[in-house]
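Colleague: sequence unknown, structure follows:
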Ligand SMILES: NC(=O)C1=CN([C@@H]2O[C@H](COP(=O)(O)OP(=O)(O)OC[C@H]3O[C@@H](n4cnc5c(N)ncnc54)[C@H](O)[C@@H]3O)[C@@H](O)[C@H]2O)C=CC1
Ligand SMILES: O=C(O)CCC(=O)C(=O)O
């Protein structure tokens with residue numbers, strides 16, 4: 001069982017005390033601190049000058065009121081957040097989430113994870129995250145626009161191409177980025193393409209950004225399987241979620257010859273023994289913004305829908321949790337292991353509970369943590385920033401090939417770091433240490449700031 005080294009215990013205590021009532025942030029910080037014991041034992045200089053304490057403390061947290069008017073002419077109030085976690089490697093970078101569960105602790109955990117993830121990409125981006133407790137479900141397009149505009153009226157003074165560069169996350173896709181970009185441009189009277197990523201192609205977006213997180217997760221999975229002489233071809237896969245990450249993870253797995261038999265949304269899951277028809281999922285989710293239950297009705301034989309329940313009961317070789325944090329717990333992991341799962345790669349951020357991760361690792365199941373496996377999205381956002389800075393637009397093939405190269409490098413770096421620190425195959429430890437060392441080296445060079 002992993003524990004936090006005695007020397008790092010006071011840091012964990014401070015994190016717990018200072019961020020009371022924020023269980024997701026505690027969980028993310030504890031996992032990283034569990035890994036860092038090995039670094040400090042070998043290289044004590046990494047704990048000098050409160051370096052680890054500083055990495056656990058966000059540089060800035062912004063909370064603001066977002067007033068807007070709904071279609072019934074009623075004033076609604078939501079809360080907006082941006083946690084600018086660490087800028088040692090570049091401007092803060094990370095998505096914006098619109099979901100009723102959003103609070104400062106969730107945004108903080110996401111910003112913390114983002115800092116290490118972005119470091120793993122090897123690109124010049126710091127870590128941040130934002131969002132609101134606004135629930136887009138059931139809202140009209142006009143309501144979404146008014147909300148995004150009001151959100152940007154406050155956020156615009158805290159972001160910029162060289163300051164902080166938001167993007168999408170749960171509930172925020174190209175439509176919302178478009179509305180926010182429009183308002184930013186109006187408020188600043190300046191076409192600053194590099195201030196947001198995930199933009200539409202006609203006004204500075206990057207090809208392959210939409211596909212990047214899911215594709216990247218599939219690339220990472222393939223590299224991980226290769227270490228055991230296996231590949232995704234012929235593997236039976238289960239993917240939770242049916243949003244941006246899930247859809248494009250499924251697309252790449254299918255192109256590798258894998259068979260995806262189940263996916264879900266927050267209401268339930270579908271099982272299709274013929275293999276998921278992705279064009280139907282895209283039609284329901286990307287075009288109609290409907291429910292996954294509609295798939296079963298349209299698809300017919302060989303397919304069924306389960307309301308509620310656990311998608312992890314569906315036997316598979318590969319499990320890709322691509323929905324949300326802590327969606328796969330210890331009992332789900334037990335069932336997956338009993339059913340013979342060979343590999344798990346997190347497309348979402350922290351979807352597996354610590355107990356689930358432990359069960360996978362104890363059972364020798366290949367396990368890829370989100371901060372490594374889903375880094376393809378933010379990496380391609382950084383490629384979007386490069387294209388914006390040079391006023392260029394790359395082809396899909398060129399962008400995807402850069403993404404593939406980046407994911408291969410992230411895999412190698414996690415794999416090699418785990419070996420170097422005496423725990424071969426432990427991608428959690430490999431990712432945490434490899435990400436930490438990059439951020440820490442930059443912070444040490446800059447003095448106490
Ligand atoms: N969009 C991106 O580029 C990146 C997203 N991520 C992470 O991937 C995850 C998914 O994000 P997106 O696909 O962008 O969001 P999305 O809004 O496009 O899709 C989210 C999906 O998860 C489903 N979902 C939400 N709660 C659920 C629950 N409790 N059980 C089952 N399904 C549930 C929703 O119905 C939806 O299908 C999040 O954890 C996000 O932080 C990570 C890296 C980059
Ligand atoms: O593309 C980005 O900047 C952020 C993506 C994101 O939010 C994430 O990696 O979790």
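Modeller: Received, thanks. What you see is a predicted model, and the numbers here were worked out from it, not measured in a lab. Numbering: from 1, shown residues only. Ligands and ions are numbered 1, 2, ... in the order given.

Colleague: what residues sit buried inside the longest strand belonging to the chain?
Modeller: Secondary structure of the chain per DSSP state E: the longest strand is strand 75-86. By 16 or more other Cβ atoms under 10 Å, the buried positions in strand 75-86 come out as 76, 78, 80-86. (Each C-beta comes from the backbone N, C-alpha and C, glycine too.)

Colleague: tell me the first helix or strand C-terminal of that strand.
Modeller: Per DSSP states H and E, strand 75-86 leads on to strand 92-98 as the next helix or strand towards the C-terminus.

Colleague: who touches that next one?
Modeller: Residues from elsewhere that reach strand 92-98, judged by Cβ atoms under 8 Å, 6 or more residues apart in numbering: 59, 84-86, 106-107, 110-111, 114, 118, 125-132, 134-136, 147, 163-172, 176, 180, 198, 377-378, 381-382.

Colleague: can you rerun that using 7 Å?
Modeller: Defining contact as Cβ atoms under 7 Å, 6 or more residues apart in numbering, one finds that strand 92-98 is touched by 84-85, 110-111, 114, 118, 125-132, 134, 136, 164-172, 378, 381.

Colleague: that older thread, between the buried residues of strand 75-86, which is nearest residue 68?
Modeller: Using Cβ to Cβ, residue 76 comes nearest to residue 68 of the buried residues of strand 75-86, at 5.5 Å.

Colleague: what about the longest strand of the chain and ligand 2, touching?
Modeller: No - against ligand 2, strand 75-86 shows no contacts by Cβ under 6 Å from any ligand atom, the least distance being 12.0 Å.

Colleague: name the nearest residue to the residue in the chain that ligand 2 sits nearest to, ignoring sequence neighbours.
Modeller: Nearest to ligand 2, among the residues of the chain, is residue 95, at 2.6 Å (Cβ to the nearest ligand atom). Once flanking residues are discounted, residue 95 sits nearest to residue 169: 3.2 Å by Cβ to Cβ, 6 or more residues apart in numbering.

Colleague: if the one you found is in a bridge, with which residues?
Modeller: residue 172 (DSSP bridges).

Colleague: need the strands for the stretch 51-200 of the chain, in chain order.
Modeller: 60-69, 75-86, 92-98, 127-132, 164-168 (DSSP state E, counting those that start in this stretch).

Colleague: show residues contacting the second one.
Modeller: The one in question is strand 75-86. Contacts for strand 75-86 (Cβ under 7 Å, 6+ apart): 55, 58-70, 92, 102, 104, 107-108, 111-112, 114-115, 126-134, 151, 154-155, 158, 164, 439.

Colleague: for residue 180, give me its contacts.
Modeller: 148, 151-152, 196.

Colleague: in its sheet, what does the longest strand of the chain sit against?
Modeller: By DSSP bridges, strand 75-86 pairs with strand 60-69 (antiparallel), strand 127-132 (antiparallel).

Colleague: only the buried residues of the helix or strand that contains residue 406, if you could.
Modeller: When elements are assigned from DSSP H and E, residue 406 belongs to helix 396-420. Neighbour-count burial for helix 396-420 flags 399-400, 402-404, 406-407, 410-411, 413-415, 417-418 (criterion: 16+ other Cβ under 10 Å).

Colleague: let me see the mean pLDDT of it.
Modeller: For helix 396-420, the mean per-residue pLDDT is 98.

Colleague: what parts of the stretch 301-449 of the chain come near ligand 1?
Modeller: For the stretch 301-449 of the chain, the contact set with ligand 1 under Cβ under 6 Å from any ligand atom comprises 322-324, 327, 347-349, 374, 377.
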